[in-house]
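got a predicted structure plus its sequence, pasted below:
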Amino acid sequence: MIYFWMCLGYLAGSCPTGFLITKMLRDIDIRTFGSGNIGATNAGRLLGKNWAFTIAAFDMLKGGVIVLVASHFTDSHLVLAATGVSSVIGHDYPIWLRFKGGKGVATTFGVFGFFDFFNPWPALIGGCAWYFIMKKSKYVSVASMFALFIATLLMPLFGMPRQYYFAGYFLSLLAIWRHSTNIVNIKKGIEDKVSQNENNNTK
């Protein structure tokens, strides 16, 4: 059963939301624009903040809903954790785009929020931390990496099963790996800040 749900999770996560929406609205391959990433941040540079939020919401749902669906067929925390991890891997390495996808932050938050539908507090507090850190640092990448770890650290405090926070640590480390270029750019002082992105959206 675990392999079945992992495959479904991967396929759900592989839906390239940012790629499809930018292709539909602007007939542009988002992979040839800006950072080349298919996620909400890069798509927002092209389409504006409203579409960035929309894409992020879809990316969260595609990760979270498959976990919710799986929870109606199994109560195994291991299966649900594996399903969530697989959906993020699908977003990061989608088969439809030759395994070149996004960085998985929104999808990971969606998974965290639906691990326990009635206990979304780690994900919600992590989301608030993301906003606060982003506003202070002006770096979406920095906010994303820290916020995922914060959400994961909160999971045992809110009584979530250990399979979920083990999955959370894995996905947080995966997000750091996917942000390796951003980390290098921050060290070089050439990473785009939020204010710059907002200015680009108004041009």
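Cool, the structure landed.

I'd like the average pLDDT over the helix or strand where residue 173 lies.
For residue 173, the element it lies in under DSSP states H and E is helix 162-178. For helix 162-178, the mean pLDDT works out to 97.

now the angle from the next helix or strand after it to helix 162-178?
Next helix or strand after helix 162-178 toward the C-terminus (DSSP H and E): helix 180-188. Put simply, helix 180-188 runs at 60 degrees to helix 162-178, going by axes from the mean of the first three to the mean of the last three Cα atoms, to 10 degrees.

would you mark the buried spots in the helix holding residue 173?
Of the residues in helix 162-178, those with enough neighbours to count as buried (16 or more other Cβ atoms under 10 Å) are 163-168, 170-172, 174-176, 178. In short, each C-beta sits where N, CA and C put it, glycine included.

other SSEs contacting it?
Helices and strands touching helix 162-178, by 3 or more Cβ pairs under 8 Å, 6 or more residues apart in numbering; DSSP states H and E, are helix 77-92, helix 105-115, helix 140-154.

helices and strands of this structure: which one has the lowest mean pLDDT?
The helix or strand of the chain with the poorest confidence is helix 194-201; it has a mean of 51 (mean pLDDT, DSSP states H and E).

what's the longest helix seen in the chain in contact with?
Identified as the longest helix of the chain according to DSSP state H is helix 49-71. Contacts with helix 49-71, where a contact means Cβ atoms under 8 Å, 6 or more residues apart in numbering, come from 5, 8-9, 12-13, 15, 17-18, 21, 25, 39-41, 43-44, 79-80, 83-84, 87-88, 91, 102, 106-111, 113-115, 117, 198, 201.

any quick ChimeraX command for the buried ones out of those residues?
Command for ChimeraX that selects the buried part of the contacts of helix 49-71, burial taken from 16+ other Cβ under 10 Å:
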select :5,8,9,12,13,15,17,18,21,39,40,41,43,44,79,80,83,84,87,88,91,102,106,107,108,109,110,111,113,114,115,201
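
so where is this structure shaky, pLDDT-wise?
195-203 (pLDDT under 70).

thinking again about what came up before, I'd like the helices and strands packed on helix 162-178 as CSV, with distance to residue 130 appended.
Putting the helices and strands packed on helix 162-178 into CSV (distance: least, Cβ to Cβ, whole Å) gives the following:
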stretch, distance to residue 130
helix 77-92, 16
helix 105-115, 8
helix 140-154, 4
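
with residue 29 as the reference, name the closest of the ones you listed.
helix 77-92 (17.4 Å; Cβ to Cβ).

how far does that closest one sit from the chain's center?
12 Å (Cα atoms, centre = their mean, to the nearest Å).

next, the angle from that helix to helix 105-115.
Inter-element angle recorded for helix 77-92 and helix 105-115: 160 degrees (by the same axes, to 10 degrees).

contacts only, for residue 31.
19, 37, 38, 97, 100.

buried members of those residues into ChimeraX, please.
To isolate the buried members of the contacts of residue 31 in ChimeraX, using 16+ other Cβ under 10 Å:
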select :19,37,38,97
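
can you pick out the most distant pair from the contacts of residue 31?
37 and 97 (11.2 Å).

report how many residues lie close to residue 1.
Residues near residue 1, counting by other Cβ atoms under 10 Å, number 10.
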